[in-house]
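Peer 1: here are the coordinates; sequence isn't available:
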């Protein structure tokens, strides 16, 4: 009886001392990847257009902390106007920017590798900006309306307590009420795997 009791107590102590396995974090994701071990995917249905002069925050890894802020602004009247679409990393997060220009977003083709080797940037960055007047038109950014956006993504890096998650955001333009509006289609990121 004492022997069985001793074995039971030892068994309980062994199981009580068993530590939780640490999570591992995938160190990359493919632009547009929607499934696989450690991939958290969100398809936004219905897609909401970001009308001009609006701010939208998104929580890509669904931890209750907003990761990025998208802002659109436009002012137009006969003869002149300007506007922009920006993405701002929040909470030590970053976005991929081309090596040649940290002031605008890199447009990554579907299946491009998103990992530590991209050029990461931590401040608000243009998706695109424009201005015009009677003398002409200027446009800045790789995310302009003439690009085929459905096949391109923005690379993102999310810092969660020192653990780095990689992900992407896919957007497109939609024609509505005679205007073209940007909308977020879907996004995904890596997560911890037990």
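Peer 2: Ah, there it is. Worth saying up front: this structure is predicted, and the values here are computed from it rather than measured.

Peer 1: The longest strand along the chain: which residues count as buried?
Peer 2: When the chain is parsed with DSSP state E, its longest strand is strand 163-176. Using 16 or more other Cβ atoms under 10 Å as the test for burial, strand 163-176 gives 164-173. Bear in mind the C-beta positions are built from the backbone N, C-alpha and C, glycine included.

Peer 1: next one: stretch 40-55
Peer 2: By 16+ other Cβ under 10 Å, the buried positions in stretch 40-55 come out as 40, 42, 49-50, 52.

Peer 1: Tell me the one of these nearest residue 119?
Peer 2: When the buried residues of stretch 40-55 are ranked by distance to residue 119 (Cβ to Cβ), residue 40 comes first, at 24.2 Å.

Peer 1: Do I have it right that the closest one meets residue 188?
Peer 2: Yes: the criterion here is Cβ atoms under 8 Å, and residue 40 meets it with residue 188 at 6.3 Å.

Peer 1: Between those two, which contacts overlap?
Peer 2: Counting by Cβ atoms under 8 Å, 6 or more residues apart in numbering, the contacts common to residue 40 and residue 188 are residue 60.

Peer 1: Could you give the bridge partners of residue 71?
Peer 2: Beta-bridge pairing for residue 71 (DSSP bridges): residue 55, residue 86.

Peer 1: pretty sure it is in contact with residue 88, am I right?
Peer 2: Yes: in terms of Cβ under 8 Å, residue 71 counts as a neighbour of residue 88; the distance is 6.9 Å.

Peer 1: any common contacting residues for those two?
Peer 2: Here residue 71 and residue 88 have residue 124 as joint contacts, going by Cβ under 8 Å, 6+ apart.

Peer 1: Reformat the buried residues of stretch 40-55 as JSON lines; add distance to residue 123, pLDDT and secondary structure.
Peer 2: Output for the buried residues of stretch 40-55, formatted as JSON lines (distance: Cβ to Cβ, whole Å; pLDDT from 0 to 100; DSSP: H, G, I helix; E, B strand; the rest coil):
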{"residue": "40", "distance to residue 123": "25", "pLDDT": "96", "secondary structure": "strand"}
{"residue": "42", "distance to residue 123": "25", "pLDDT": "96", "secondary structure": "strand"}
{"residue": "49", "distance to residue 123": "26", "pLDDT": "81", "secondary structure": "strand"}
{"residue": "50", "distance to residue 123": "20", "pLDDT": "81", "secondary structure": "strand"}
{"residue": "52", "distance to residue 123": "22", "pLDDT": "72", "secondary structure": "coil"}
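
Peer 1: Report the contact partners of residue 114.
Peer 2: By Cβ under 8 Å, 6+ apart, the contact list for residue 114 reads 28-31, 96, 108, 153, 155-156, 166-168.

Peer 1: let's see 10 Å
Peer 2: With contact set as Cβ atoms under 10 Å, 6 or more residues apart in numbering, residue 114 has these partners: 28-33, 96, 108, 153-157, 166-168, 188-190.

Peer 1: Just the buried residues of these.
Peer 2: Buried members of the contacts of residue 114, counted by 16+ other Cβ under 10 Å: 29-33, 96, 108, 153-157, 166-168, 188-190.
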